[in-house]
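*Asks:* Give the three-dimensional model of this entry:
(one chain, ligands or ions: 1)
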Amino acid sequence: QATLEESDPELANLIKKEKERQREGLEMIASENFTSVAVLESLSSCLTNKYSEGYPGKRYYGGNEFIDCIELLAQKRGLELFNLSGDQWGVNVQPYSGSPANLAVYTGVCRPHDRIMGLDLPDGGHLTHGFFTPTKKISATSIFFESMPYKVNPETGIIDYDKLAEAAKNFRPQIIIAGISCYSRLLDYARFRKICDDVGAYLMADMAHVAGIVAAGLIPSPFEYADIVTTTTHKTLRGPRSGVIFFRKGVRSTKPNGDKILYDLEERINQAVFPSLQGGPHNNAVGGIATAFKQAKTPEFKAYQTQVLKNAKVLCDGLISRGYQVATGGTDVHLVLVDLRKAGLTGAKAEYILEEVGIACNKNTVPGDKSAMNPSGIRLGTPALTTRGLVEKDIEQVVAFIDDALKVGVEAAKVAGSPKMADYHKVLEENATVKAKKDE
Ligand code: PLP
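*Replies:* Coordinates of the predicted model:
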């Protein structure tokens, strides 16, 4: 059979270029990573050919003898990785990614228009935690369910748990979501549990960003407190692009009056994933999840996560020592949120300038930002660079690169006033050339 190169040189060439971009640049998008060759092998294997709607032993198609074994293997390894007993916890490895996983939880646990509460997107939450703006319901999770976001304290950048507790008492949500896409501090899961118990809500932890660090045992695990835990498998966990849902089985007292809630989460969540929301699982990804879970149990993976955290601290301290403001004043995890309001740059401009010098990151709102459309910060993460072998001294050099680039950018912004992006590119180039000439 023809190779990709032979049958579609145009696409092969684009993939080659993307590979070069990934190899030559510095990848600092906090949600990205480089997965292993073993996971890539599973992703591009014959598993992609197979239909297997249903669950192991209960499929709607024949020929699933080995697919069943693979899905059961992924489930078993998932429970083992997070030290969960199969009597108390179940796991669904079929969600196509993190967003479908979250929607499946709400679909299984809530009725239409039941209430959910998650950290607001501009404050570090994710779209799927119920995001809407004053003029538009953006996420399907705010269209099909009623969402009331909670916020961080704009002064400290830390989640305002008191306000969340107060709002939850009035709003009476069915689910409270403890999860982040851009928040550099540990979550107080015990506090979330107490707030949920006071209002009879389920606690769902979305550990997508930190799952690898949790697996390595380096930060507190949400499993002690949560009823449901969702995650992606491609961020710090370094597996394939996919999603996983863990759910409690059995009985747990959640009402202040001691009433027991009988969990039937297993049936409700499995049913929500298939057949309510999805069709056949992506078995090549399920295989990749099994491999990623195996790899995440090794001492090498723990060493990797330890380095991710060390690198994030060096990144954070280095930026602070060069005069940059960092939201919450530090980091406990793999990411740093840089507040550029005093640096004279917007997040969009900083993202653009850094891209020009081969550093990939993303613009992000910072606590207290007036507009989510024009955010004042950038989010930087260390998982991908650490996979490539960078250690503390390398990150110090990366900080110097970032600082140099942003300084040139600030100068260009002064010359340009408030230019449009296209003008800005030109000015930046001219300015850099002028600077280089002067240096000569
Ligand atoms: N949950 C959190 C906390 C995330 O950060 C993300 C993605 O960045 C998701 C869910 C959604 O994952 P996906 O992009 O795979 O749908």
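*Asks:* List the contacts of the helix or strand where residue 101 lies.
*Replies:* Element membership for residue 101, per DSSP states H and E: helix 98-109. With contacts defined as Cβ atoms under 8 Å, 6 or more residues apart in numbering, helix 98-109 is touched by 92, 95, 114, 116, 126-129, 140-141, 144-145, 174-175, 177, 202, 204, 206, 208, 228, 230-232, 243-245, 265, 268-273, 276-278. All C-beta atoms are positioned from the backbone trio N, CA, C, and that covers glycine.
*Asks:* Could you tell me which of the residues you listed belong to strands?
*Replies:* Judged by DSSP state E, strands contain the following of the contacts of helix 98-109: 92, 116, 175, 177, 202, 204, 206, 228, 230-232, 243-245.
*Asks:* So which bits of this protein are right by the ligand?
*Replies:* Residues of the chain lying close to the ligand by Cβ under 6 Å from any ligand atom are 31, 97-99, 102, 126, 128, 179-181, 206, 208-209, 232.
*Asks:* which among those residues end up buried?
*Replies:* Among the residues of the chain next to the ligand, those classed as buried by 16 or more other Cβ atoms under 10 Å are 31, 97-99, 102, 126, 128, 179-181, 206, 208-209, 232.
*Asks:* out of those residues, who's nearest the ligand?
*Replies:* Lowest distance from the ligand to these (Cβ to the nearest ligand atom) belongs to residue 98, with 2.4 Å.
*Asks:* how close does the closest one sit to residue 235?
*Replies:* Residue 98 sits 9 Å away from residue 235 when distances are taken as Cβ to Cβ, to the nearest Å.
*Asks:* State the mean pLDDT of the helix holding residue 101.
*Replies:* When pLDDT is averaged over helix 98-109, the result is 97.
*Asks:* ok, how many other residues are close to residue 322?
*Replies:* By other Cβ atoms under 10 Å, 13 other residues sit near residue 322.
*Asks:* now do residue 113
*Replies:* For residue 113, using other Cβ under 10 Å, the count is 9.
*Asks:* List the beta-bridge partners for the closest residue to it other than its chain neighbours.
*Replies:* Distance criterion Cβ to Cβ, 6 or more residues apart in numbering; nearest residue to residue 113, sequence neighbours excluded, is residue 146 at 5.5 Å. With DSSP bridges as the criterion, residue 146 is bridged to residue 115.
*Asks:* Run a quick neighbour tally on residue 146.
*Replies:* Using other Cβ under 10 Å, residue 146 is surrounded by 17 other residues.
*Asks:* repeat for the one 4 residues further on
*Replies:* Burial measure for residue 150: 24 neighbouring residues, criterion other Cβ under 10 Å.
*Asks:* How about it, nearest residue that isn't a chain neighbour?
*Replies:* residue 164 (4.1 Å).
*Asks:* What backbone torsions are found at the one you found?
*Replies:* With angles defined as degrees, to the nearest 10, residue 164 sits at phi -60, psi -40.
*Asks:* and it, how many neighbours?
*Replies:* Counted with other Cβ under 10 Å, residues neighbouring residue 164 total 22.
*Asks:* Against the ligand, how distant is it?
*Replies:* 17 Å (Cβ to the nearest ligand atom, to the nearest Å).
*Asks:* Check residue 202 too.
*Replies:* Distance from residue 202 to the ligand, by Cβ to the nearest ligand atom: 17 Å.
*Asks:* which ones are touching that residue?
*Replies:* Residue 202 makes contacts with 109, 174-176, 196, 227-228, 254, as judged by Cβ under 8 Å, 6+ apart.
*Asks:* which one of the residues you listed is nearest residue 69?
*Replies:* The nearest member of those to residue 69, counting by Cβ to Cβ, is residue 228 at 26.1 Å.
*Asks:* Touching, that closest one and residue 245? I think so.
*Replies:* Yes: counting by Cβ atoms under 8 Å, residue 228 does reach residue 245; the two are 6.7 Å apart.
*Asks:* any shared contact partners between the two?
*Replies:* Jointly contacting residue 228 and residue 245 under the rule Cβ under 8 Å, 6+ apart are 105, 269.
*Asks:* Residue 404: neighbouring residues, count only.
*Replies:* Quick note: residue 404 (other Cβ under 10 Å) scores 11 neighbours.
*Asks:* any idea which helix or strand carries it?
*Replies:* helix 392-416.
*Asks:* Would you indicate which residues of that helix are buried?
*Replies:* Across helix 392-416, burial judged by 16+ other Cβ under 10 Å covers 394-395, 398-399, 402-403, 405-406, 408-413, 416.
*Asks:* Any idea which of the residues you listed the model trusts least?
*Replies:* The pLDDT minimum for the buried residues of helix 392-416 sits at residue 416, where the score is 56.
*Asks:* mind listing the helices for the stretch 101-250 of the chain?
*Replies:* Secondary structure of the stretch 101-250 of the chain by DSSP state H, counting those that start in this stretch: the helices cover 140-143, 161-171, 189-199, 211-215.
*Asks:* I'd like these written out as CSV, with mean pLDDT added.
*Replies:* Formatted as CSV, the helices of the stretch 101-250 of the chain follow (pLDDT from 0 to 100):
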stretch, mean pLDDT
helix 140-143, 96
helix 161-171, 98
helix 189-199, 95
helix 211-215, 98
